[in-house]
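# Sequence first, predicted model second:
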Amino acid sequence: MPITKETIEYVARLARIELSQEELHKFSQQLQDTLDFIDKLKKLDTKDITPTSHILPIHNVLRQDLPRPSLPVEKVLENAPSKDGNFFVVPKVIE
């Protein structure tokens, strides 16, 4: 499927972004190159290749999750810039 400037203009309009003519040309070429590469990958025979989630053999190192007592409220609020009883006071962010 060829990617044209018109396709890029249509997608840009849907995304509500403004692109210059130079950007339209650049992005249409980049997207076309990407789709061409995907088409090449589709032609590869991957029948005997096992699926992987990463190219390197990575294993998570996890510690055992053991319950333990939490910090006391006084210790937690010790360095709070503003507090009200057992609570942090933060600036209002909703208008």
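Now that the structure is in, tell me what you want to look at. Residues are numbered from 1 along each chain as shown.
# can you give me the helices for this protein?
Listed in chain order, the helices of the chain (DSSP state H) span 5-15, 21-42, 73-76.
# got a markdown table for the ones you listed, with distance to D48 and mean pLDDT too?
To be clear about C-beta, it is placed using only N, CA and C from the backbone, and glycine gets the same treatment. As requested, the helices of the chain are exported to a markdown table (distance: least, CB to CB, whole Å; pLDDT from 0 to 100):
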| stretch | distance to D48 | mean pLDDT |
| --- | --- | --- |
| helix 5-15 | 37 | 91 |
| helix 21-42 | 16 | 92 |
| helix 73-76 | 56 | 93 |
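# nearest to E95, of the ones you listed?
Between E95 and those, the tightest spacing by CB to CB is seen for helix 5-15, at 26.7 Å.
# mind exporting that closest one as CSV, just the C-alpha atoms?
Output of helix 5-15 as CSV, limited to C-alpha atoms (Å, rounded to 0.1, in the frame of the first residue of the first chain):
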residue,chain,number,x,y,z
LYS,A,5,1.1,12.9,0.9
GLU,A,6,-2.7,12.9,0.9
THR,A,7,-2.7,10.0,3.3
ILE,A,8,-0.3,11.9,5.6
GLU,A,9,-2.4,15.0,5.3
TYR,A,10,-5.5,13.0,6.2
VAL,A,11,-3.9,11.5,9.3
ALA,A,12,-2.4,14.9,10.3
ARG,A,13,-5.9,16.4,10.1
LEU,A,14,-7.3,13.6,12.3
ALA,A,15,-4.6,14.1,14.8
